[in-house]
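Trainee: A structural model of the following input is requested.
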Amino acid sequence: MAKSLRLVQFSDPHLFGTADGALRGVATLPALKATMAHAERYFRCPDALLLTGDLVQDDPGGYALLRATFESSKVPVYCLAGNHDVPEKMNATLQGAPFQVGGRFIDAGWLVVMLDTWKAKSTGGRLGKSQLSNLEATLAGHPDLHVLLCLHHHPVAMDSRWLDKVGLDDAAEFLALIARFPQVRGVLWGHVHQSLDRFLNGVRFMASPATCAQFLPRSADFALDWRPPGYRVLELLADGTIATEVVWVENTAP
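Mentor: Numbering: from 1, shown residues only. You can find the predicted model right below:
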């Protein structure tokens, strides 16, 4: 039986420099640890972990707590910066195994690419011409691999007026690019603190909840949802299929 690739995604933990830091009523470090414990209990032996941005809440002291939380991981921990991150401090603190900031990896017939959408002094994000050009070259160089693209900012509309003002600036260019490469099977992101799962032109687009507080879907203005912290599990199958589910961790809500 062909090997599949199992990934667990934790997004938007928003850690602070102290263990008791809270965001919108949720103590972020305990909530992150609760989601990790849940995933370890029910989804053992992933091949890698994905941390898709907003690892801290504008507080670079949070990276030390993040490192302490994940440094014993037996599998690689792939990280991306979100708009609340401080990339220089993030890169300096999360050096060495098991961490990798950005980059890509190949396993089980899949190419997973971590895309940097951080944009200085902006809540929204951008890939930029250089990164889009590099992505084009990467996809052209691996026509026989299935591809999952990971980023922080959403490249498709969330049908939420306030959120869609702070998505990916160059989403149109990104979508036009991946449309030329049929091996792209999925696009995965955080940032929106909610779940979305839809197919567009044969590609699966997936937003994942935060490990802390959630945003109310399809809300015109900012509003919080009642849902508890969550995470996503993905099984990337040999035929290019993506099996995935979002898991909500009860008893961790404010």
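
Trainee: residue 204 and residue 196 touch, don't they?
Mentor: No: using C-beta atoms under 8 Å, residue 204 makes no contact with residue 196, being 10.5 Å away. C-beta coordinates here come from the backbone N, C-alpha and C atoms, glycine included.

Trainee: separation between the nearest residue to residue 116 once chain neighbours are set aside and residue 152?
Mentor: In space, and not counting its chain neighbours, residue 116 is closest to residue 102: 5.5 Å by C-beta to C-beta, 6 or more residues apart in numbering. To residue 152, residue 102 is 11 Å away according to C-beta to C-beta, to the nearest Å.

Trainee: identify the contacts common to these two.
Mentor: The contact sets of residue 102 and residue 152 overlap at residue 80 (C-beta atoms under 8 Å, 6 or more residues apart in numbering).

Trainee: and the two? which has more neighbours close in?
Mentor: Legend: neighbour count by other C-beta atoms under 10 Å for residue 102 and residue 152, higher for residue 152 (27 against 17).

Trainee: what helix or strand is that one on?
Mentor: Here residue 152, judged by DSSP states H and E, is contained in no helix and no strand.

Trainee: show me what contacts it?
Mentor: With contact taken as C-beta under 8 Å, 6+ apart, residue 152 is in contact with 52-54, 80-83, 117-118, 125, 189-191.

Trainee: do the same with residue 66
Mentor: 13, 15, 51, 55, 56, 93, 94.

Trainee: so, low pLDDT: which residues of the stretch 1-150 of the chain?
Mentor: Applying pLDDT under 70 to the stretch 1-150 of the chain flags residues 1.

Trainee: go with 90
Mentor: The stretch 1-150 of the chain contains residues with pLDDT under 90 at 1-2, 43-45.

Trainee: all helices for it, in order.
Mentor: Counting by DSSP state H, counting those that start in this stretch, the segments of the stretch 1-150 of the chain that form helices are 28-42, 62-70, 87-93, 129-141.

Trainee: list the buried residues of the second one.
Mentor: Buried residues in helix 62-70, counted by 16 or more other C-beta atoms under 10 Å: 62, 63, 65, 66, 67, 69, 70.

Trainee: list the residues that contact the closest residue to the second one other than its chain neighbours.
Mentor: Right, the one you point to is residue 63. Excluding the flanking residues, the one nearest residue 63 by C-beta to C-beta, 6+ apart is residue 93, at 3.8 Å. Applying C-beta under 8 Å, 6+ apart, we find residue 93 in contact with 60, 63, 64, 66, 67.

Trainee: rebuild those as CSV, extending it with distance to residue 147.
Mentor: Listed next are those as CSV, based on distance: C-beta to C-beta, whole Å:
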residue, distance to residue 147
60, 32
63, 29
64, 33
66, 27
67, 29
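
Trainee: from these, which is closest to residue 159?
Mentor: Among these, residue 66 lies closest to residue 159 (C-beta to C-beta), at 31.3 Å.

Trainee: and that closest one, how far from residue 74?
Mentor: Taking C-beta to C-beta as the measure, residue 66 falls 17 Å from residue 74.

Trainee: do the same with residue 170
Mentor: Counting by C-beta to C-beta, the separation of residue 170 from residue 74 is 37 Å.

Trainee: neighbour count for these two, which is higher?
Mentor: residue 170 (18 against 7).

Trainee: and that one, how far from residue 30?
Mentor: Using C-beta to C-beta, one gets 37 Å for the distance from residue 170 to residue 30.
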